[in-house]
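Asks: My questions are about this predicted structure, shown below with the sequence.
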Amino acid sequence: MTRILLVEDDKSIVANLTEFLTSEGYRVKSTSGQSETLTLLEEERFDLVLLDISLSDGNGFSVCSAVKSTYGIPVIFLTASGDEYSTVTGFELGADDYIAKPFRPRELVTRIKNILRLTKGTGSVMTLGDVTVDTVKGTVSKNGKDLYLSALEYRLFLVFLNNRGAILSRSQLLEAIWDIAGEFVNDNTLTVYIKRLREKIEDDPQNPAMIKTVRGLGYKVDIE
């Protein structure tokens, strides 16, 4: 059974999320502060950490850094902090995903399953063709050369990787990235970011081999 450590100081969120995740087949333990979390991690094994930035003592950034450097297990931030600074900081410290409150429990479960599937047996590194993503360092490289993605480009690419082989509509993509942009992301802005992402990762951006357009439906990321 997958063991999840929920680090959150809002008791109502802890109660509701614990009940829901338990009903989904996960074993959940919770802590509310930094010191308690680090102590529990020394005593027990967990497969994934759900982590809020604001804690009763310490902060989520410090916990994330300790978790990734010492235990190397996946971390998903659960936070009301939707600004780009918090997002970038979280990814730089190795967060595997980021979901802003309020969120739908079903969406969280999907994120958990995707992260566990992608990190199982592969550590923190994901690849797509000659593009490599290191979720601990928060970097994306192509043939060993850093691509220097922006925070929103990075998140967009992770959304594609987490749904590899699936067709994603523009509305699904907009919903997945709006919360980290610092402002509303409209349809035209999404077009710009997909274009920029293609320019950085594709050999031939005009004829993309990774981020493919599925006419009338959306986009699909895969590689032959």
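Replies: Cool, got the structure.
Asks: What are the contacting residues of stretch 190-197?
Replies: The contact list for stretch 190-197 (Cβ atoms under 8 Å, 6 or more residues apart in numbering) reads 149-150, 152-153, 156-157, 170, 173-174, 177, 185, 205, 211, 219. All C-beta atoms are positioned from the backbone trio N, CA, C, and that covers glycine.
Asks: Pull out the buried residues from these.
Replies: 149, 152-153, 156-157, 173-174, 177, 185, 211, 219 (16 or more other Cβ atoms under 10 Å).
Asks: In which helix or strand does residue 18 reside?
Replies: In the assignment (DSSP states H and E), residue 18 maps to helix 11-23.
Asks: just how off-centre is that helix within its chain?
Replies: 20 Å (Cα atoms, centre = their mean, to the nearest Å).
Asks: Show me the contact partners of that helix.
Replies: 4, 6, 8, 28, 30, 32, 50, 101, 105, 108-109.
Asks: Tell me which helix or strand comes right after the helix or strand harbouring residue 152.
Replies: Under the criterion of DSSP H and E, residue 152 resides in helix 151-162. As assigned by DSSP H and E, the chain's next helix or strand after helix 151-162 is strand 167-168.
Asks: Quick one: mean pLDDT for the following helix or strand past that following strand?
Replies: As assigned by DSSP H and E, the chain's next helix or strand after strand 167-168 is helix 170-177. Across helix 170-177, pLDDT averages out at 80.
Asks: on that earlier part again, of the contacts of helix 11-23, buried ones?
Replies: The buried subset of those (16+ other Cβ under 10 Å) comprises 4, 6, 8, 28, 30, 32, 50, 108.
Asks: Can you pull the phi/psi pair for the spatially most central residue of the chain?
Replies: Nearest to the geometric centre of the chain sits residue 97, at 1.4 Å (Cα atoms, centre = their mean). Reported as degrees, to the nearest 10, the phi and psi values for residue 97 are phi -160, psi 170.
Asks: Not counting its neighbours along the chain, what's nearest it?
Replies: Leaving aside its chain neighbours, residue 97 sits nearest to residue 76 (4.6 Å; criterion: Cβ to Cβ, 6 or more residues apart in numbering).
Asks: likewise residue 24?
Replies: Per Cβ to Cβ, 6+ apart, closest to residue 24 is residue 109, 5.6 Å.
Asks: what angle separates the helix or strand encompassing that neighbour from helix 170-177?
Replies: When elements are assigned from DSSP H and E, residue 109 belongs to helix 105-119. Per axes from the mean of the first three to the mean of the last three Cα atoms, to 10 degrees, the angle that helix 105-119 makes with helix 170-177 is 80 degrees.
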